[in-house]
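Participant: Sequence and predicted model, in that order:
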Amino acid sequence: MKLLLDTCVFLWLTTDAPELSQTAKALFQDIGNTVYLSSVSAWEIIVKHALGKLPLPDRAETFI
């Protein structure tokens, strides 16, 4: 299965947020699935982090 992550789901997945369901986590961890992240999501994360609206544990470029 091909999965396209939106920005929120990517952030929830990488931070192990409780908002992400167990079903979704299982889909992302299944090595039979291919997971994609849009370049627009990467851009959105970098811009929001640079504006101080998205705290991240590391530089946005490194985080992504």
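Facilitator: Here it is on my side, so go on.
Participant: hey, where'd the strands end up in this structure?
Facilitator: Assigned strands in the chain, in chain order: 2-5, 34-37 (criterion: DSSP state E).
Participant: hey, C-alpha coordinates of the last one in PDB?
Facilitator: What follows is strand 34-37 as a C-alpha-only set of coordinates in PDB (Å, rounded to 0.1, in the frame of the first residue of the first chain):
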ATOM      1  CA  THR A  34       5.600   2.600   1.000                       C
ATOM      2  CA  VAL A  35       5.400   5.900   2.900                       C
ATOM      3  CA  TYR A  36       5.700   9.300   1.100                       C
ATOM      4  CA  LEU A  37       6.100  12.800   2.500                       C
END
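Participant: May I see the buried residues of it?
Facilitator: Across strand 34-37, burial judged by 16 or more other CB atoms under 10 Å covers 35, 37. Any C-beta I mention is one placed from the backbone N, CA and C, and that applies to glycine too.
Participant: That strand: how far from the chain's middle?
Facilitator: 10 Å (CA atoms, centre = their mean, to the nearest Å).
Participant: Would you mind finding the longest helix in this structure?
Facilitator: helix 39-50 (DSSP state H).
Participant: wait, Ala60 sits on His49?
Facilitator: Yes - Ala60 is within contact range of His49, at 4.0 Å (criterion: CB atoms under 8 Å).
Participant: Can you work out which other helices and strands pack against the worst-scoring helix or strand of the chain on mean pLDDT?
Facilitator: Counting by mean pLDDT, DSSP states H and E, the chain has its least confident helix or strand at helix 60-63, which shows a mean of 72. The contact analysis (3 or more CB pairs under 8 Å, 6 or more residues apart in numbering; DSSP states H and E) places helix 60-63 against helix 39-50.
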